[in-house]
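# Model the following, please.
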Amino acid sequence: MTTESQLREKLRKIAALFEGAKTLGERQAAAAALERVRRALEAAVKTQPLPETQFSMPDEWQRRLFSALCRRYGLEPYRYKGQRHTTVVVRAPRAFVNQTLWPEYLALSEALRAYLNEATERIIREEVYKDAGEAAERTG
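Numbers count the residues shown, from 1 in each chain. Have a look, this model is predicted:
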């Protein structure tokens, strides 16, 4: 069973993986690199119009995770009036989205999904009924 502290550590490791940090010195370098990425993104926004990338995320926690990750990099997630609440739009260089933002989001999302699934099953088994399996499938 994964505890919240184990999940937090896993999330830190995933973030460190994407930032390339393993030791204290590497973490400090990664923090500096993250700051350089933020500054480069800010400069890019000021000098050229960045393409919009639209994402569809049906779960509220996925949207919150993605939005928080965008904000961590100094990006502003938004949606246009009339767009579904499942939509998140961000302006950023395509290479950054494809090589950094989206892969990091997928790794963090998978870690959270596994934790939430485990916690949900445990709570159902302990508080509702010990058999939390799927419904049986029957023919016609």
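# Relative to Gly140, how far out is the closest residue in space to Thr53 that isn't next to it in sequence?
Across the structure, with C-beta to C-beta, 6 or more residues apart in numbering as the measure, the residue nearest Thr53 apart from its sequence neighbours is Val97 (5.2 Å). C-beta: built from backbone N, CA, C; applies to glycine. From Val97 over to Gly140 the distance is 47 Å, taken as C-beta to C-beta, to the nearest Å.
# neighbour count winner among those two?
Using other C-beta atoms under 10 Å as the criterion, Val97 and Gly140 rank with Val97 on top: 20 against 2.
# Pretty sure the residue nearest to Thr53 sits against Val90.
Yes. Using C-beta atoms under 8 Å, Val97 and Val90 qualify as a contacting pair, with a distance of 7.3 Å.
# Now for these two: what residues contact both?
Thr53 (C-beta atoms under 8 Å, 6 or more residues apart in numbering).
# show me where the chain has strands.
Remark: strands of the chain, listed N- to C-terminal, are 52-56, 87-91; assignment by DSSP state E.
# Compare the ones you listed and give me the one nearest Trp102.
Of all the strands of the chain, strand 52-56 sits nearest to Trp102, with 8.4 Å by C-beta to C-beta.
# which residues does Arg94 contact?
The neighbourhood of Arg94, defined by C-beta under 8 Å, 6+ apart, consists of Pro51, Thr53.
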